[in-house]
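> just need the structure, nothing else, for what follows:
(2 chains)
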Amino acid sequence: MRGVPFILCLIAAAAVIFACGRWIDNSYAFFAAYVVVQYIVLGTAWNILGGYTGYVNFGVTAFFAIGAYSTVVLYKLVPALPLPVMVLVGGVMAGLVGLGTGYLTLRLRGVFFSIATLALAVVVQTLITNWDFVGGARGAYVLRPRVAPLIGGEYVQYLFLVMLGLCVIVLATARAIERSALGYGFTAIRDDEAAAEASGVPTLKLKLIATTLSGGFMGMAGAPLPYYVTYLDPASGFSLNYAVNAIAMPLIGGMNSWVGPIVGAVLVGGLQEYLRVTISSAVNVLVVGVLLVVFVIAAPQGIVGLFQRKK
Amino acid sequence: MDGSIDLLVNAIISGLLLGGFYAAVSMGVAIAFGLLDVVNIAHPAFILLGSYVAFIGNSMLGMDPILAALIATPAFYLLGMLAYQVYYVAFERRNDQSLRGLAFFFGILFITEVTLVLVFGVDYRLVQAPYIGANLDLGVVELPLRLLVPFVIAMIMVVGLQLFLSRTFVGRAIQAVAQDQQALRLMAADPVKIKRIAFGLSIATASLAGAFLIIIQPVEPSIGREYIGRVFAIVVLGGLGSFPGMVIAAVTLGIAESLTATFFGPSWAPAVAFGILLVTLAVRPSGILGR
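Here you go, the predicted structure:
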């Protein structure tokens, strides 16, 4: 297995990060780090479709919220279910929605897929708002256990650990895709879909794999959210901030490799966390929007691209 | 007359009027997406900008909201030309419009929304005008002037724009750009200039559409998102770039939403557009009156 050393490195890095967190033992640090790691997962998930195949998904919030709300449903039905199972279920649900949307729209020009995902976010929000079981427009409360299972300490540490584990899985998947025939197929679609189809690349099948994986990982990223915020309503679960961040981070970091979303998420997520504390929460989202526009115009290959050119 | 039939007739009439407003909202995208192939998903943000211009003109200067928006159209026209110039230089010329161009407009949408929140807050804003709240009573049906006035002006805009595109030199050039840029260049016309004018026009219509929006309902900065799905559903269903098709699609959606709101509750209405969009894309992607 070629990927094994890489996965071991990732796990080691995650373990070191988590050990540092335990050593600092500050709950704010865990809350802030959770957000950054969540954006690494979200950004990488977006990048599997957006960066590798060139199809823009604007409906990040739809997939993310499907994951979050599937946790709310499971919490109401079987509260004792362990969090990783909930994450898995959320991922499967969001992946299926991704598959369905992709199947209906991906046979056409890519633009239609983007438009459909934009509308999808509104529709899923409408459904959730009208669904009383998960709280409807009023929102739902999720009681966070006081002590983390298995590892002890505050529960947010457990949430962070789960997100970190998810991050390892997503990054390993993204890197494995890049180096496999699947990744070459994705790149062929991005560069010239008609030529790819003519050379025997099963474009529709590959695109569907990408939307399903991408949507599924976004759902997984959203699944722990109810435990993180403890109160979830449609307005916050479907906040456009998630979509903007998930798109901005790979674009700013660089879309051609798995490193890009990490760079973008750490820089932009860290900056946002800093601005949220020092200035205001409205300004920090504005900064992401401005950075997104500046980078797509001035540095189309992102930060990773800037360094590659210099070499 | 039976009560439920009464309800049905009223729902259809108000859906028809709503459709006129939707036509005004979609007009800009029909030009930008249908004719120029510029996927301006930020269009609803420009419409909201128009709403807030009408709000300022109305609340601070006591102007009629539509008049205020009309005065602002030249500024919107210039804004549109500027936006297209940036889009052309940064994306279209590099042949990079599909991914980064879309992300660019998404960023613009988001920046506009957040800026509006920072300036005006998240409160709902509304305007005052003599025709808001009044009804035109026709016996069985009551026509709210709040919907009728935007409907009439929207229809004038559609007819005017259609005449402009088919009768004037610039209008025909815009249609030519949609068909074959290369041929236009061989006729010694500059396609970029023509597209800049057309995109300016597209954004100029957003000013008026914004005034209609704030007349029909109170406005807050994130409301624009609901219109992205609607607008693109209408333009795709109408057949890209066909104005009569767009009007038919807008009225269809208006009536469908109005019926849904009447019989299932207003909170379901936003889902209708998406359903129509998906069915159209799956069954007949070229739309009702597609080229």
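
> chain center to stretch A:267-286, what's the gap?
The chain centroid and the centroid of stretch A:267-286 are separated by 19 Å, computed with C-alpha atoms, centre = their mean, to the nearest Å.

> tell me the mean pLDDT for the longest helix belonging to chain A?
If you go by DSSP state H, chain A has its longest helix at helix A:27-53. Predicted confidence along helix A:27-53 averages 90 (mean pLDDT).

> any buried residues in that helix, and which?
A:30, A:32-53 (16 or more other C-beta atoms under 10 Å in any protein chain shown). Any C-beta I mention is one placed from the backbone N, CA and C, and that applies to glycine too.

> and the next helix or strand along the chain from that helix, is it in reach of chain B?
The helix or strand immediately downstream of helix A:27-53 is helix A:60-77, counting by DSSP states H and E. No: with C-beta under 8 Å from any C-beta of the partner chain as the criterion, chain B is not reached by helix A:60-77; the gap is at least 9.9 Å.

> what about A:Ala196, how many neighbours?
20 (other C-beta atoms under 10 Å in any protein chain shown).

> surely it is within a helix?
Yes: counting by DSSP: H, G, I helix; E, B strand; the rest coil, A:Ala196 is found in a helix.

> could you check how far it is from A:Trp46?
Distance of A:Ala196 to A:Trp46, computed by C-beta to C-beta, to the nearest Å: 21 Å.

> repeat for B:Asp137
53 Å.

> give me the residue from the stretch 1-150 of chain A nearest chain B.
A:Ala119 (3.2 Å; C-beta to the nearest C-beta).

> what pLDDT, on average, does the strand or helix carrying that residue get?
Counting by DSSP H and E, the secondary-structure element that holds A:Ala119 is helix A:110-129. Mean pLDDT, computed over helix A:110-129, is 84.

> so which residue is dead centre in chain A?
Nearest to the mean C-alpha position of chain A, counting by C-alpha atoms, centre = their mean, stands A:Leu42 at 1.3 Å.

> for the chain, name the helix or strand with the lowest mean pLDDT.
If you meant another chain, say so; for now it's chain A. Within chain A, no helix or strand scores below helix A:302-310, which has a mean of 76 by mean pLDDT, DSSP states H and E.

> switch to chain B, that's the one I care about
One helix or strand of chain B scores below all others by mean pLDDT, DSSP H and E: strand B:135-138, with a mean of 76.

> tell me the strands beside that strand, with direction?
In the sheet, strand B:135-138 lines up against strand B:141-144 (antiparallel) (DSSP bridges).

> now A:Gly54, what are its backbone angles?
Dihedral angles of A:Gly54 (phi, psi; degrees, to the nearest 10) stand at phi 80, psi 10.

> separation between the residue nearest to the centre of chain A and A:Gly98?
Noted for A:Leu42: a distance of 14 Å to A:Gly98, by C-beta to C-beta.

> go on, A:Asp233?
As for A:Asp233, its distance to A:Gly98 is 24 Å (criterion: C-beta to C-beta).

> the more surrounded of these two?
More neighbours surround A:Gly98 than the other of A:Asp233 and A:Gly98, with 30 against 18 (other C-beta under 10 Å).

> I figured the more buried one hits A:Thr212, correct?
Yes: applying C-beta atoms under 8 Å as the test, A:Gly98 and A:Thr212 come out as touching, 5.0 Å apart.

> please work out how many residues are found near the one residue in chain B that gets nearest to chain A.
Per C-beta to the nearest C-beta, B:Gly229 is where chain B lies closest to chain A, at 3.2 Å. Residues near B:Gly229, counting by other C-beta under 10 Å, number 26.

> and for the one 3 residues further on?
Other residues near B:Phe232 number 27, with proximity taken as other C-beta under 10 Å.

> right, and the residue of chain B closest to chain A touches B:Leu277 too?
Yes: using C-beta under 8 Å, B:Gly229 is in contact with B:Leu277, at 6.5 Å.

> now the common contact residues for the two.
A:Ile115, A:Ala119 (C-beta atoms under 8 Å, 6 or more residues apart in numbering or on different chains).

> tally of neighbours for residue 280?
Since you didn't name a chain, this refers to chain A. Other residues close to A:Ser280 by other C-beta under 10 Å number 12.

> actually, chain B is the one I wanted.
B:Thr280, neighbours per other C-beta under 10 Å, totals 21.

> quick one: the helix or strand harbouring it near chain A?
Assessed by DSSP H and E, B:Thr280 sits inside helix B:269-283. Yes: Helix B:269-283 reaches chain A (C-beta under 8 Å from any C-beta) through B:Pro270, B:Ala271, B:Ala273, B:Phe274, B:Gly275, B:Leu277, B:Leu278, B:Leu281, B:Ala282.

> go on, stretch B:78-87?
Yes: for stretch B:78-87, a contact with chain A is found by C-beta under 8 Å from any C-beta, at B:Val86.

> what about the stretch 101-250 of chain A, any weak spots by pLDDT?
Along the stretch 101-250 of chain A, no part satisfies pLDDT under 70.
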